[in-house]
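Engineer: got a sequence here, can you model it:
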Amino acid sequence: MGNNIKKPIIGILGGVASGKSTVAAEFAKLGCKVIDADKIVHELLQKTVVKDKITGLFGQAILDSAGKIDHRKLAEVVFTDADKLSSLNKIIHPFVLERTEEFIEQYNRQGGIKAIVLDMPLLAEVGWAERCDRLIFVDCKPKLRIERAKKMRGLDENQIKIRENFQISLDNKAAIADNSIDNNSDFQALVRQVFDVFSYIVNK
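Structural biologist: Alright, predicted model coming up:
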């Protein structure tokens, strides 16, 4: 693809620890650019203007010993209260979406990029599913997701359930997706599925 051609936008849906970022990384290997919303949030939380707004809402208790926002402490506060989570999202989401739009514009101008992948945990919740040309649901059994979440993020089953209570149900996410990728077996099976979906999107 040449410059200034609108690249297909691929949105990735799935539950906590289902393997969305793993799927996104495989798309990256095939020539796609990944926009990682979690990474954008991490960068935002370093900015004084954002940090001040968040500490103004939730107090100094969410800061670590270096005076930076402690992600775990912040999660503990917002994932127990829908209003607090909503308040946090109102601060963060406009910044995230603005930055995402900047990336999309930038990548559309660059040659050699096959597609743009949105790795955004609340993709459907913030209304960005409509912005995507293709939605992919990463299907992963609860037992496996719980194991991964414990190992990689230190989350227990209850914490996962609490987080997912604030999200659109997995059934609904699966229903709005154009493709489903099964992430219940080995890594090579996942790689093959990503390649098949990718080939279909860029060649259609």
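Engineer: what is the burial count for residue 184?
Structural biologist: 14 (other C-beta atoms under 10 Å). For every residue, glycine as well, the C-beta is placed using N, CA and C.
Engineer: residue 69 is in contact with residue 62, isn't it?
Structural biologist: Yes - the pair residue 69 / residue 62 is scored as a contact, 5.9 Å apart, by C-beta atoms under 8 Å.
Engineer: which neighbours do these two share?
Structural biologist: Both residue 69 and residue 62 are contacted by 54-55, under the criterion C-beta atoms under 8 Å, 6 or more residues apart in numbering.
Engineer: of these two, which one has the most company?
Structural biologist: residue 62 (21 against 18).
Engineer: so that one makes contact with residue 55?
Structural biologist: Yes - using C-beta under 8 Å, residue 62 is in contact with residue 55, at 6.8 Å.
Engineer: and for these two, which residues touch both?
Structural biologist: The contact lists of residue 62 and residue 55 share residue 69, where a contact means C-beta under 8 Å, 6+ apart.
Engineer: can you show me the helices along this structure?
Structural biologist: Ranges of helices in the chain, per DSSP state H, are 20-29, 37-46, 48-58, 71-78, 82-109, 142-153, 157-165, 170-176, 187-203.
Engineer: give me the packing partners of the fifth one, helices and strands only.
Structural biologist: So the one you mean is helix 82-109. When contacts are defined as 3 or more C-beta pairs under 8 Å, 6 or more residues apart in numbering; DSSP states H and E, helix 82-109 sits against strand 33-36, helix 37-46, helix 48-58, helix 71-78, strand 116-119.
Engineer: between it and helix 71-78, how big is the angle?
Structural biologist: 130 degrees (axes from the mean of the first three to the mean of the last three C-alpha atoms, to 10 degrees).
Engineer: spit out the contact partners of the residue lying closest to residue 28 once chain neighbours are set aside.
Structural biologist: In this structure, residue 28 finds its nearest non-sequential neighbour in residue 34, 5.0 Å apart by C-beta to C-beta, 6 or more residues apart in numbering. The contact partners of residue 34, by C-beta under 8 Å, 6+ apart, come to 24-25, 27-28, 117, 119.
Engineer: now, among those residues, which is nearest to residue 8?
Structural biologist: The closest of the contacts of residue 34 to residue 8 turns out to be residue 117 (C-beta to C-beta; 9.5 Å).
Engineer: who is that closest one paired with across the strands?
Structural biologist: Counting by DSSP bridges, residue 117 is bridged to residue 10, residue 34.
Engineer: any idea how far residue 102 is from it?
Structural biologist: Distance of residue 117 to residue 102, computed by C-beta to C-beta, to the nearest Å: 16 Å.
Engineer: looking at these two, which is more packed in?
Structural biologist: Comparing residue 117 with residue 102 by other C-beta under 10 Å, the one with more neighbours is residue 117, at 29 against 11.
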